[in-house]
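next comes the sequence, and after it the predicted model I'd like to discuss.
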Amino acid sequence: MKTIDPKTPLWKLTVEEFLEVSKSVNSDKKYEYGLKGLAKILGCSISKASEIKSSGILDKAIIQNGNIIIIDIKRALTLFGKK
């Protein structure tokens, strides 16, 4: 892995360097929030995400307290792929 100076302007980065930087920024995300986040994970509408959540398929990947919903992305995709 090549070290990139944080002060380097974006326009000076090669495509390879830019992709490396963007992967390191995006790889930290482990959770999504709400039905909108579930829809984003599954690539569907919010109403379809609500339907899938209600079916119970993803119960092991979802933590809900009142109106707050937290989804473990990796676990949700694994469980969804099994059904």
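Arrived safely, thanks for sending. Residues are numbered from 1 along each chain as shown.

can you tell me what sits against the worst-scoring helix or strand of the chain on mean pLDDT?
Ranked by mean pLDDT, DSSP states H and E, the weakest helix or strand in the chain is helix 15-26, scoring a mean of 80. Contacts with helix 15-26, where a contact means Cβ atoms under 8 Å, 6 or more residues apart in numbering, come from 1, 2, 4, 10, 13. For glycine as for every other residue, the C-beta is placed from the backbone atoms N, C-alpha and C.

can you give me the helices in the protein?
Assigned helices in the chain, in chain order: 15-26, 34-42, 46-55, 73-82 (criterion: DSSP state H).

quick revisit: just give me how far the least confident helix or strand of the chain sits from the chain centre.
17 Å (Cα atoms, centre = their mean, to the nearest Å).

dump the residue contacts of the residue nearest to residue 29 when sequence neighbours are not counted.
Leaving aside its chain neighbours, residue 29 sits nearest to residue 73 (7.1 Å; criterion: Cβ to Cβ, 6 or more residues apart in numbering). Applying Cβ under 8 Å, 6+ apart, one finds that residue 73 lies in contact with 29, 30, 31, 32, 41.
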